[in-house]
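Asker: pasting the structure only:
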């Protein structure tokens, strides 16, 4: 927040205005006005619309707004803080069940001081994704199948990458049925997709097509060939370096993800964690635009949690210091250099 305030001052902006940027405006627009009925004509910027965003986080913003005297901008920031705080608690318990209290301290610290953790200060849905996905994985580990499915359903209503929360439910269900004939485990994968199914059903009624979200993303943001983002990031980085920080940061994150995966495998995380992380990273690789970014690594939080929990004391503090330095760098780029997160 200090770095954000300095960056805002350098641009002559208030701290609030410097944090309500990029996707924040779309979430606030949905919270205040609801969804439009059609995608604007054209492609790229002219075709941007709030139909390209999932509904649960704006619903939470609206609930907080009705219960508080704040403006919409302040309400959005307060909501982000609340779900981020809840996520940190849920993540700590999730890691504790596998690696103990000390491991939970270290794993949670690495997640919330990761380079992509700047999003918890914006009006972004990452806090809600981590909150519900962590609650689901926590419940799966304790064989609370219905709660796991409901938490995963909330994650799938929060963001397209929240759909990844279905995978741990499937993995845990298969394992429980194979080993113990625990047929109640089926509740988890059956309930998990209800969030995204409900959203697409709403879009069908509201716009006339259940796939209007997909069309909005393809028209406004995710145009191009599937899987093109990673090669494009490397090509642009090797040709132009850090002239455009978007591509330079993506290239670094791709290398970082490979190294983190090696440490992740050595940490021997549960199968539910492995399924979640691999699927989350595949979302970035398959994207026409996103690639592997600090935000995506933040959403793949069991990766950072397992690595942080399994590092020795010395290497943990080295990793935490390096991660914090990268977090500060990303925050400076966001608030002072108008970098797109």
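Answerer: Looks like it came in fine. Remember, it's a predicted structure, so these values are computed and weren't measured experimentally.
Asker: any weak-confidence spans in the chain?
Answerer: Along the chain, the parts satisfying pLDDT under 70 run over 336-341.
Asker: and residue 84, what element?
Answerer: Per DSSP states H and E: residue 84 is located in helix 72-112.
Asker: which elements pack onto the helix or strand just after that helix?
Answerer: Reading on from helix 72-112 to the C-terminus, the next helix or strand found by DSSP H and E is helix 126-141. When contacts are defined as 3 or more CB pairs under 8 Å, 6 or more residues apart in numbering; DSSP states H and E, helix 126-141 packs onto helix 56-66, helix 72-112, helix 145-156, helix 166-180, helix 271-286, helix 294-299, helix 301-310. Heads up, the C-betas are built off the backbone N, CA and C, glycines and all.
Asker: once you drop chain neighbours, what's closest to residue 126?
Answerer: Of all residues not flanking residue 126 in the chain, residue 119 sits nearest, at 4.5 Å (CB to CB, 6 or more residues apart in numbering).
Asker: related to what we said a few turns ago, measure how the helix holding residue 84 sits relative to helix 301-310, angle-wise.
Answerer: Calculated by axes from the mean of the first three to the mean of the last three CA atoms, to 10 degrees, helix 72-112 forms an angle of 40 degrees with helix 301-310.
Asker: quick check: residue 68 touching residue 75?
Answerer: Yes: with contact defined as CB atoms under 8 Å, residue 68 reaches residue 75; the gap is 6.1 Å.
Asker: just want to know which of the two has more residues nearby.
Answerer: More crowded of residue 68 and residue 75, by other CB atoms under 10 Å: residue 75, with 24 against 12.
Asker: now for the more buried one: which residues touch it?
Answerer: 31, 61, 64-65, 68 (CB atoms under 8 Å, 6 or more residues apart in numbering).
Asker: hmm, try it at 7 Å
Answerer: 61, 64-65, 68 (CB atoms under 7 Å, 6 or more residues apart in numbering).
Asker: could you do residue 161 as well?
Answerer: Contacts for residue 161 (CB under 7 Å, 6+ apart) come out as 129, 280, 283, 299.
Asker: which residues does the third one contact?
Answerer: What that stands for is residue 283. Applying CB under 7 Å, 6+ apart, the residues contacting residue 283 are 161, 164.
Asker: burial measure for residue 12, as a count.
Answerer: 8.
Asker: got the phi/psi numbers for it?
Answerer: Phi and psi for residue 12, reported as degrees, to the nearest 10, are phi 70, psi 30.
Asker: residue 18 versus that one, what's the distance?
Answerer: As judged by CB to CB, to the nearest Å, residue 12 and residue 18 stand 10 Å apart.
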